[in-house]
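Peer 1: Below are the sequence and a predicted model for it; my questions follow.
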Amino acid sequence: MSNVFRAGERVVLLDQKKRRYLQILSDSGEFHSHSGFVPHANVIGKEEGCWVESTKGAKYVVLRPTLEDFVVEMPRGAQVIYPKDLAPICMIGDIKPGVRVFESGVGSGALSMAMLRWGAEITGYELREDFANRAKANVESFLGPEALGNFHVQIRDSYAGVDDGVFDRFILDLPEPWHLLDHVRGSLRPGGIFLAYTPSITQAAKVRHGMQKGWTDTRTLEVLHRTWHIEGESVRPDHRMVAHTGFLTVGRWIDQGSIKMHSPGHSSADSITASS
């Protein structure tokens, strides 16, 4: 694979303060900022990692964007789930090649792209057509048109029901995900994973309350992201951190009749009382 930049390719320009600027290269294009402009022609034909200089002397290193870069800078309609939560969702949800995922709501497609990158086949329900179109456009823009073959988005209300067969995973970013728990029976295979991303702990608590029968290995967590300042002998946490964004509530569906299980480290709230 060639490491040389070509017209039509997406790049990220990184300045000396580590600010990122996403660009799609074109023969006549230009990147403009308060520090002057850089003709795209100065990038096309060079290799990744090259340095370019603006008309006012500002220097940028040019790289191919990561999925993290794209998610933060991509066009959006709905608020996205940020990278600090995307990776844990894919790990905790055990997203892998061939796994069949039900996703709702799709929003701007950040979570969809992460799961598609991990090899999932996604059926997504989204209420708003403009959000669905934006998500599909973002997926195609970053992952390529072939990724759309595993990304099936429908304009539907997931609260009204799920009738697209049996899934391995339910991954939800909805205001009231507990209302889908009744639809899980018959739609999530035994041993399958349900994961809900919710902004508030009261929402997470309602999800957990609905997961007391037919579920095992339930838990709720949040991910905190703190960077560190390291410069010479000066080593300390940065003054600002990305703390709370959302709660991840996870469980595995079993529904194996009248069973009570108590696992080490789980409270009685995590026990299962499944009924046939």
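Peer 2: Looks like it came in fine. Keep in mind that this is a model prediction, so the values were computed, not measured. Residues are numbered from 1 along each chain as shown.
Peer 1: Give me the three-state assignment for Gly8.
Peer 2: Under DSSP: H, G, I helix; E, B strand; the rest coil, the three-state class of Gly8 is coil.
Peer 1: For the nearest residue to it once chain neighbours are set aside, give me its contacts.
Peer 2: Nearest residue to Gly8, sequence neighbours excluded (C-beta to C-beta, 6 or more residues apart in numbering): Leu25, at 6.5 Å. In this view, the C-beta of every residue, glycine as well, is placed from N, C-alpha and C. Counting by C-beta atoms under 8 Å, 6 or more residues apart in numbering, Leu25 touches Phe5, Arg6, Ala7, Gly8, Glu9, Arg10, Val11, His40, Val43, Ile44.
Peer 1: Could you do Arg134 as well?
Peer 2: Contacts of Arg134 by C-beta under 8 Å, 6+ apart are Pro75, Arg76, Gly77, Ala78, Ser108, Gly109.
Peer 1: same thing with Val184?
Peer 2: Taking C-beta under 8 Å, 6+ apart as the test, what Val184 contacts is Phe170, Phe194, Trp253.
Peer 1: how about the contacts of Leu25 in TSV, adding neighbour count and pLDDT?
Peer 2: Output for the contacts of Leu25, formatted as TSV (neighbours: other C-beta atoms under 10 Å; pLDDT from 0 to 100):
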residue	neighbour count	pLDDT
Phe5	21	96
Arg6	10	95
Ala7	15	96
Gly8	10	93
Glu9	16	93
Arg10	16	93
Val11	22	96
His40	21	97
Val43	22	97
Ile44	18	97
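Peer 1: and of the residues you listed, the nearest to Arg128?
Peer 2: Arg10 (25.7 Å; C-beta to C-beta).
Peer 1: if you look at the contacts of Arg134, which of them are in strands?
Peer 2: Among those, no member falls in strands (DSSP state E).
Peer 1: among the residues you listed, which ones are buried?
Peer 2: Arg76, Gly77, Ala78, Ser108, Gly109 (16 or more other C-beta atoms under 10 Å).
Peer 1: which one of these is nearest Val139?
Peer 2: Closest to Val139, out of all of the buried ones among the contacts of Arg134 and judged by C-beta to C-beta, is Gly109, at 5.3 Å.
Peer 1: What score does the closest one have for pLDDT?
Peer 2: For Gly109, the pLDDT comes out at 94.
Peer 1: Surely it and Glu140 touch.
Peer 2: No: taking contacts as C-beta atoms under 8 Å, Gly109 lies outside contact range of Glu140: 9.5 Å.
Peer 1: can you list the contacts of Leu25 in CSV and add distance to Val166?
Peer 2: CSV is the format used below for the contacts of Leu25 (distance: C-beta to C-beta, whole Å):
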residue, distance to Val166
Phe5, 44
Arg6, 43
Ala7, 45
Gly8, 40
Glu9, 40
Arg10, 37
Val11, 42
His40, 48
Val43, 48
Ile44, 48
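Peer 1: Can you tell me which of these is nearest Ser187?
Peer 2: Among the contacts of Leu25, and counting by C-beta to C-beta, the member closest to Ser187 is Arg10, at 36.5 Å.
Peer 1: And the closest one, how far from Phe151?
Peer 2: Distance, Arg10 to Phe151, using C-beta to C-beta, to the nearest Å: 19 Å.
Peer 1: Same question for Leu224.
Peer 2: For Leu224, the distance to Phe151 - C-beta to C-beta - is 30 Å.
Peer 1: now swap in Thr55 and tell me
Peer 2: In terms of C-beta to C-beta, Thr55 sits 41 Å off from Phe151.
Peer 1: the more surrounded of the two?
Peer 2: Taking other C-beta atoms under 10 Å, Thr55 and Phe151 do not tie; Phe151 has more neighbours (23 against 12).
Peer 1: and the nearest residue to Gly186 once chain neighbours are set aside, backbone torsions?
Peer 2: Of all residues not flanking Gly186 in the chain, Val166 sits nearest, at 7.5 Å (C-beta to C-beta, 6+ apart). Main-chain torsions, Val166, degrees, to the nearest 10: phi -100, psi 140.
Peer 1: and the gap between Val166 and His225?
Peer 2: Distance from Val166 to His225, by C-beta to C-beta: 35 Å.
Peer 1: Just give me the neighbour total for the residue nearest to Gly186.
Peer 2: Val166 has 13 nearby residues by other C-beta under 10 Å.
Peer 1: Noted, bye for now.
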